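Colleague: Could you work out the structure for the sequence below:
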Amino acid sequence: MDIVYIRELAVETVIGIYDWEREIRQTVNLDLEMATDIRTAASSEDIDNTLNYKSVSDRLISFIEGSEFLLVETMAEEIATIILSEFNVKWLRLRLGKPGAVPKAKDVGVVIERGERF
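Modeller: Numbers count the residues shown, from 1 in each chain. Prediction:
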């Protein structure tokens, strides 16, 4: 299986458990690896035969910007559900970071894997 990936997708949203976090927008960063087979796309050079990373990015940006979450864990699960159900992806690894959430740490967050490992 091949991997289509997206690195450092930065999206602003409402995320956090504290009252002040509910009143501002913060940036979350995503790294996403999605299992797919690129051979048909490679041989046809047809975008309709591949996992279109722009379509995935656009969908996630729209979803995240329009949502509010208390926990990064909940956001990560929702993102995984979208990718697995809407883009015919069998497996994914998602790193979801919330930079600035912990003083003196560059980033904190979660890494999840969902779907059938290839």
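Colleague: for residue 68, what are its contacts?
Modeller: 13, 14, 15, 22 (CB atoms under 8 Å, 6 or more residues apart in numbering). Where C-beta positions appear, they are placed from N, C-alpha and C, glycine not excepted.
Colleague: mind checking pLDDT for the third one?
Modeller: Spelled out, it's residue 15. Turning to residue 15, the model gives it a pLDDT of 97.
Colleague: correct me, but residue 94 touches residue 30?
Modeller: Yes: counting by CB atoms under 8 Å, residue 30 is a contact partner of residue 94 at 6.7 Å.
Colleague: ok, what's across the strand from residue 114?
Modeller: Counting by DSSP bridges, residue 114 is bridged to residue 92.
Colleague: ok, it to residue 70 distance?
Modeller: Between residue 114 and residue 70 the computed distance is 20 Å (CB to CB, to the nearest Å).
Colleague: Looking at the two, which one has more neighbours?
Modeller: Higher neighbour count among residue 114 and residue 70: residue 114, with 18 against 14, using other CB atoms under 10 Å.
Colleague: for the more buried one, what are its contacts?
Modeller: Here residue 114 is in contact with 80, 84, 91, 92, 94 (criterion: CB under 8 Å, 6+ apart).
Colleague: can you list these in JSON lines and add neighbour count and pLDDT?
Modeller: Formatted as JSON lines, these follow (neighbours: other CB atoms under 10 Å; pLDDT from 0 to 100):
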{"residue": "80", "neighbour count": "20", "pLDDT": "98"}
{"residue": "84", "neighbour count": "17", "pLDDT": "97"}
{"residue": "91", "neighbour count": "18", "pLDDT": "97"}
{"residue": "92", "neighbour count": "22", "pLDDT": "98"}
{"residue": "94", "neighbour count": "23", "pLDDT": "98"}
